[in-house]
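K.L.:
output the structure for:
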Amino acid sequence: MGDTGPTGPVMDRDEVDRALARLGAEHEAIETSLLALQDHAGRRLLEGAELTGVTAERWSAAEASITLLWAYFDAYTGALRTAREIRSRRRWSSREDLVELTELLRGEAVTVAGSAAATAPAPDGRAGRLSERYTLASLVERMNQLYATSLDMVVAADAVWSALPARIDLLAAELRRTRELAHSVGVRPGEHPAGDDLERITRTLTRLREQVVSDPLAFWTPAQGSSAPGGGRPDTTVYDREARALEEVRREIEAVLAVRQDAEQRIVRLRDVLSRADRTLAEARTARGEVLAKIAATEVPVVGGPPIVLQEQLAAAAEYRRHAQWHRLSPLLESLEEKAEDELLRARESLTAVTAPLAVRAELRGRLDAYKAKMARLGHAEDPELAEKYEKARRMLWSAPCDLRVAEQAVLRYQRAAAELLATAPRVPGQAGPVDRTGPGA
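P.N.:
Numbering: from 1, shown residues only. Alright, predicted model coming up:
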């Protein structure tokens, strides 16, 4: 059709029918969405909750938006109904009908009047006026905007409420079990750091649950770059931190429980280790006296006394066990076990250092006798010079005090004399060659 009106070319019957079909489908979709929003569990929870903070502010705006949505939808419904009535007047619509339909379907023919239009900002961001005029297309766009923001708020709040309170309750139940277990082993606030941690975690979880219930949107992290309603995830930072803290406390309590189960065995082992360290030190002191009496011209390290502090701590550990003070016994046993092993190692090193001169003398004795046995095997046991050197070295090594430096030189002189004798002796079948440097074990 070539006719035009205030809104442009007048629509023909086919265009009107197609527009009405499209608008009818949109009307059905919008109605379905609004009813779903009305029945959304999150919306019902928001209506009945005592909200605070950012959630209270956004829900107040969302409620106004939802109210306005229904007002817009009613206006949209009325306009669509009017358009359908005009089109149904006659099978072949007159020009006047088509002009009226064109104005209604394309023009700003929908008016939202009264307080509903004044409760929400206009699309351009300005405060709402007492009435607004829309085309059906712009009204649909406006409803889509309001619906998206309202649904986003409802879905976000519902997601937080669905995720966090239940998890907090489960963690609180675990916290109660851990507190009972801690109390049974003497881990209490003011007496043990783990007890103080449990009190702090309890206060934090109680406060966190109250905040999540009253202000869920404070624990919502929107997805970056997402425009879909409800795009994002609950912020579990505080919950995760307290869950980790409780796990650390639980491990510590389990360590205390383990101490209660094997404390007696560990204390017995500690007594045994410290007793061995004492015996080793006593042996080192005895050996030191022997070294000072038998070895001349040598430095002998001083041997320290038994660790009195460790014995006192061991006695304290036994007292903690008798009085079931497991939380104090646990760190003390760990410290004592490390120190006791160190003390035993120190005692053994002291004994080794003190007896080193005796070990050197024993090695020289063994070397001298081995060479003598070798020379006897080769038929040189009666050599007078060799026998004289042997006796001189032997007297030095078997007399007290023994000068190790002088005795070692005597042994070396005997070895050299034996080697020279072997080098000049005629070869005898079945014996080694004239020079035999294979050592005592040859």
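K.L.:
in the stretch 301-442 of the chain, which spans are helices?
P.N.:
With DSSP state H, counting those that start in this stretch applied, the stretch 301-442 of the chain shows helices at 308-322, 326-354, 356-377, 384-397, 404-424, listed in chain order.
K.L.:
kindly report the same for the stretch 151-300 of the chain.
P.N.:
With DSSP H, counting those that start in this stretch as the criterion, the stretch 151-300 of the chain has helices spanning 193-214, 237-294.
K.L.:
Ala182 is nearest to which of the helices of the stretch 301-442 of the chain?
P.N.:
Taking CB to CB as the criterion, helix 326-354 is the member of the helices of the stretch 301-442 of the chain that comes nearest to Ala182, at 8.2 Å. Heads up, the C-betas are built off the backbone N, CA and C, glycines and all.
K.L.:
show me which residues of that closest one are buried.
P.N.:
Along helix 326-354, these residues count as buried under the neighbour rule (16 or more other CB atoms under 10 Å): 326-330, 332-333, 336, 339-340, 343-344, 347-348, 350-351, 353-354.
K.L.:
now do stretch 155-162
P.N.:
Neighbour-count burial for stretch 155-162, with 16+ other CB under 10 Å as criterion, is recorded at 155-161.
K.L.:
give me the low-pLDDT residue ranges for the stretch 201-350 of the chain?
P.N.:
Scanning the stretch 201-350 of the chain with the threshold set as pLDDT under 70 gives 225-228, 297-298.
K.L.:
now with 80, please.
P.N.:
Of all residues in the stretch 201-350 of the chain, those with pLDDT under 80 make up the ranges 224-230, 256, 258-261, 293-294, 296-302, 304-307, 323-327.
K.L.:
quick check: domain ranges of the protein?
P.N.:
4-154, 156-258, 260-354, 358-424 (automatic domain parsing).
K.L.:
now do the end-to-end distance for the last one.
P.N.:
This stretch, domain 358-424, spans 36 Å end to end (CA to CA, to the nearest Å).
K.L.:
adjust the sequence numbering to begin at 36 for everything that follows.
P.N.:
Got it, the first residue is 36 from now on, which makes the last one we talked about domain 393-459.
K.L.:
neighbours of Gln348, how many?
P.N.:
The number of residues packed around Gln348, counting by other CB atoms under 10 Å, is 19.
K.L.:
I'd say it and Glu369 touch.
P.N.:
No. No contact is recorded between Gln348 and Glu369 when judged using CB atoms under 8 Å, the distance being 11.6 Å.
K.L.:
the helices of the stretch 186-335 of the chain into TSV, with extra columns for mean neighbour count and distance to Pro200?
P.N.:
Formatted as TSV, the entries for the helices of the stretch 186-335 of the chain read as follows, by neighbours: other CB atoms under 10 Å; distance: least, CB to CB, whole Å:
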stretch	mean neighbour count	distance to Pro200
helix 228-249	17	6
helix 272-329	16	10
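K.L.:
need the ones you listed in JSON lines (columns: distance to Ser166).
P.N.:
Converted to JSON lines, the helices of the stretch 186-335 of the chain look like this (distance: least, CB to CB, whole Å):
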{"stretch": "helix 228-249", "distance to Ser166": "37"}
{"stretch": "helix 272-329", "distance to Ser166": "46"}
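K.L.:
so which of those helices is nearest Asp52?
P.N.:
Using CB to CB as the criterion, the shortest distance between Asp52 and those is 52.4 Å, found for helix 228-249.
K.L.:
check which helices and strands that closest one sits against.
P.N.:
Helix 228-249 sits against helix 171-219, helix 272-329, with contacts defined as 3 or more CB pairs under 8 Å, 6 or more residues apart in numbering; DSSP states H and E.
K.L.:
JSON lines for the buried residues of stretch 190-197, including distance to Gly142 and pLDDT?
P.N.:
What follows is the buried residues of stretch 190-197, written out as JSON lines (distance: CB to CB, whole Å; pLDDT from 0 to 100):
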{"residue": "Val190", "distance to Gly142": "35", "pLDDT": "92"}
{"residue": "Ala191", "distance to Gly142": "38", "pLDDT": "92"}
{"residue": "Ala192", "distance to Gly142": "39", "pLDDT": "93"}
{"residue": "Asp193", "distance to Gly142": "40", "pLDDT": "93"}
{"residue": "Ala194", "distance to Gly142": "41", "pLDDT": "92"}
{"residue": "Val195", "distance to Gly142": "44", "pLDDT": "94"}
{"residue": "Trp196", "distance to Gly142": "44", "pLDDT": "93"}
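K.L.:
right, and out of those, which lies closest to Arg320?
P.N.:
Here the nearest of the buried residues of stretch 190-197 to Arg320, counting by CB to CB, is Val195; it sits at 72.7 Å.
K.L.:
that closest one contacts Thr256, doesn't it?
P.N.:
No. Using CB under 8 Å, Val195 is not in contact with Thr256; the gap is 10.0 Å.
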